[in-house]
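Colleague: Pasting a predicted model and its sequence here:
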Amino acid sequence: MTVFSVFSLLGGLAFFIFGMNQMSASLERIAGPRMENIIDKMTKNRFAGLAMGCIITIAVQSSSAVTVMLVGLVNSGLMDITNTVGVIMGSNIGTTITAWFMSLIGISGENVFVRMLKPESFSPVLAFIGIILIMIAKAQKKKDVGNAFLGFAILMYGMILMSGSVSPLAESPSFSKVLTAFQNPLIGILIGLAVTAIIQSSAASVGMLQALSMSGGITYGMAIPIIMGQNIGTCATALLSSIGVNRNAKRVAVIHLSFNLIGTAVFLIGFYVLHIIIDFAFLDTNIKPAGIALCHTIFNVMTTALLLPFTGQLVKIAKRLVKVEEPVQVAYLDERLFEVPPVVVSKCSLFAKEMAEKTGEAVKKAIDSFALFSDEKADSIVNLEKEIDVYEDHLGAYLTKIAGTDLSDEDNRTVALILHSIGNFERISDHALNLLESVRELKDKKLLLSDQGQEELDSVGRAVSEIVDITINAYKNVDAALAEKIEPLEQVIDILTETIKINHIERLKRGECTVERGFVLSDVLNNYERISDHCSNIGVAVIGAETENYDSHEYLSKIKTMDNPRFKELFSQYREKYSVSQI
């Protein structure tokens, strides 16, 4: 084998791996939201998990990416470890589709239809289509399709280069001597394991084997053990991704490894025992790329069929091997998920909704504390405020990390909505904590408001509870129609707080109230007003997320002049519902 042949082989491998990564990344962006929907529907049914794992892997063309994603989901507490077993098995089957695509390189024949199936015939066409889509398409999804086409064309070109570079080996005596070492199944397994672990791609190592088979020197007896080793080697990516993660996430990697190790051991022993009894003559026959794809598929399907009934036992093995207990973190998103930005956006959206719910809970408990205070309720409000701070910190950091990635228009709108809202939710929780401090002051100093003052405070408290409920529901459902109710109620709350302050001054003049009570009352009203202001900000962000070419300043200036009939109607309803008469 000449130096130029070696350069050609290395260049072909480089093209192949680059094309595989390009295609996989593009398919992940295209299928990202669909993957998330599939995962969300996942149940404990092992067959459903098997099918879903297969579908996801076919969609992204990478079993390693799926396994790493599972590690990230489990580490984030978003998925149960038991549900991952079927998905892992399904991903092993789904990855065989790549080998079948690459087997096209071995097609021979002069028929026009056969020739069109050859990579050297259709790859340039796919590359041309891909470039055209990348250059002229405006929609990001079409550009991703173009990138996937181009990646696949580069991948197949790499296969052609590798195949061409190894073809002289067929007549090399030195290469024939090296191949004799492959006759030992254990050496074949180790070679397949080592190569796959190094390049961290079973698809790439299978492609190399398929290209090598074009030399005519690889037999079924050599290839089958190498294929088994490749399946073990592909676990290297998951094992590396499990470093520094929690207990259950480590168990996902162990399940993946034990599945392939057990499958290889059983398949190897059973296959060669049968060989001794039956004598598989085909083992000495030269294998072609399609034969490698077939062996790869049979091995993965049979291993899955063998171990699918024992998913519970695989989980038990993982639990016995990984016993370290680790604390659960709030709003934690594993960094391995950043390889699939659409999944990160979806999970951040889920966390933001949890943050919104906790904010509503904190405000409700703070307002209820005026009527019925308890240390337990106070501790709960303090803990909620701390959790909400963590949500804001983590979400801000996560969304910053994916800010430069290619996201769909829908995902970009979701990111914008989250970033506009989380700061407001965090500030609302701060005001809930301030309300708690006002309650404590009233309790500690044994201050009682006048009956009329208490009625007025209860009325604005109910209005604030309602605006928070509307805001949270509008945010969670991205409901612009519901969000339109926020601003009219916010205006009513402003009027209520101002009216109550004026009434307090009148009661102070009459000697019906004290200055000390007034300070606490003023603090409470200011916090109520600020809560409603932040609700207004969130409502505007929700409407903006659902409306193209939306100008928030123009919207607010219009409705505040009562030019909007809908606003005027809602304002009147809320004004009547939460009426406080001025003294």
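Modeller: Okay, I see it.
Colleague: Excluding covalently adjacent residues, which one is nearest to residue 536?
Modeller: Nearest residue to residue 536, sequence neighbours excluded (C-beta to C-beta, 6 or more residues apart in numbering): residue 490, at 4.5 Å. Placement of C-beta: from N, CA and C, glycine included.
Colleague: quick one: that neighbour and residue 530 touch, right?
Modeller: No: counting by C-beta atoms under 8 Å, residue 490 does not reach residue 530; the two are 10.8 Å apart.
Colleague: More neighbours: those two, which one.
Modeller: residue 490 (24 against 15; other C-beta atoms under 10 Å).
Colleague: How about residues contacting stretch 357-374?
Modeller: Applying C-beta atoms under 8 Å, 6 or more residues apart in numbering, the contact partners of stretch 357-374 are 377-378, 380-381, 384-385, 387-388, 391, 425-426, 428-429, 431-433, 435-436, 439-440, 442-443, 457-458, 461, 464-465, 468-469, 472, 476, 531.
Colleague: For burial, what's the neighbour tally of residue 355?
Modeller: A count of nearby residues for residue 355, using other C-beta under 10 Å, gives 28.
Colleague: State the next helix or strand along the chain beyond the helix or strand in which it is found.
Modeller: Using DSSP states H and E, residue 355 sits within helix 341-368. The helix or strand immediately downstream of helix 341-368 is helix 375-401, counting by DSSP H and E.
Colleague: Could you name the helices and strands sitting against that next one?
Modeller: helix 341-368, helix 409-444 (3 or more C-beta pairs under 8 Å, 6 or more residues apart in numbering; DSSP states H and E).
Colleague: Pull out the buried residues from it.
Modeller: Residues 377-378, 380-381, 384-385, 387-388, 391-392, 394-396, 398-399 are the ones in helix 375-401 that count as buried (16 or more other C-beta atoms under 10 Å).
Colleague: Closest one of those residues to residue 230?
Modeller: residue 398 (34.2 Å; C-beta to C-beta).
Colleague: residue contacts, the closest one?
Modeller: Per C-beta under 8 Å, 6+ apart, neighbours of residue 398: 333, 344, 348.
Colleague: And the last one, what's its pLDDT?
Modeller: What that stands for is residue 348. Here the pLDDT value assigned to residue 348 is 90.
Colleague: Start at 33, not 1
Modeller: In the new count, where the first residue is 33, that last one comes out as residue 380.
Colleague: Residue 475 versus that one, what's the distance?
Modeller: Residue 380 sits 39 Å away from residue 475, taking C-beta to C-beta, to the nearest Å as the criterion.
Colleague: same deal with residue 223?
Modeller: Distance of residue 223 to residue 475, computed by C-beta to C-beta: 75 Å.
Colleague: Which residue comes closest to residue 550 once chain neighbours are left out?
Modeller: Per C-beta to C-beta, 6+ apart, closest to residue 550 is residue 536, 5.5 Å.
Colleague: wait, is the one you found part of a helix?
Modeller: Yes: membership of residue 536 in a helix is supported by DSSP: H, G, I helix; E, B strand; the rest coil.
Colleague: Would you check that it makes contact with residue 553?
Modeller: Yes: shown here, residue 536 and residue 553 form a contact pair, counting by C-beta under 8 Å, at 5.9 Å.
Colleague: Any regions of the stretch 283-432 of the chain where pLDDT drops low?
Modeller: Where the stretch 283-432 of the chain drops to pLDDT under 70, the residues are 356-363, 366.
Colleague: Looking only at neighbour counts, state which of residue 380 and residue 475 leads.
Modeller: Per other C-beta under 10 Å, whichever of residue 380 and residue 475 has more neighbours is residue 380, with 26 against 13.
Colleague: surely the more buried one meets residue 431?
Modeller: Yes: under the criterion of C-beta under 8 Å, residue 380 makes contact with residue 431 at 6.0 Å.
Colleague: any shared contact partners between those two?
Modeller: 447, 450.
Colleague: From what I see, residue 279 and residue 286 are in contact.
Modeller: No: look at residue 279 against residue 286 with C-beta under 8 Å: they stay out of range, at 10.5 Å.
Colleague: Compare those two and say which is more crowded by neighbours.
Modeller: Higher neighbour count among residue 279 and residue 286: residue 286, with 21 against 16, using other C-beta under 10 Å.
Colleague: Now the helix or strand the more buried one falls within: buried residues?
Modeller: Here residue 286, judged by DSSP H and E, is contained in helix 279-310. Across helix 279-310, burial judged by 16+ other C-beta under 10 Å covers 279-292, 294-296, 299-300, 303-304.
Colleague: re the thing from before, the residue nearest to residue 568: which element?
Modeller: Assigned by DSSP H and E, residue 522 belongs to helix 518-542.
Colleague: list the helices and strands the helix or strand following that helix packs on?
Modeller: Scanning forward in sequence from helix 518-542 by DSSP H and E, the next helix or strand is helix 547-578. Under the contact criterion of 3+ C-beta pairs under 8 Å, 6+ apart, helix 547-578 touches helix 441-476, helix 483-509, helix 512-515, helix 518-542, helix 584-591.
Colleague: what mean pLDDT does the last one have?
Modeller: Here helix 584-591 scores 60 as its mean pLDDT.
Colleague: Output the contacting helices and strands for the next helix or strand along the chain from that helix.
Modeller: Counting by DSSP H and E, the next helix or strand C-terminal to helix 584-591 is helix 597-609. Counting by 3+ C-beta pairs under 8 Å, 6+ apart, the packing neighbours recorded for helix 597-609 are helix 518-542.
Colleague: Buried residues, the helix it packs on. List them.
Modeller: Of the residues in helix 518-542, 518-525, 527-529, 531-532, 535-536, 539 count as buried by neighbour count, 16+ other C-beta under 10 Å.
Colleague: Fine by me, we can end here.
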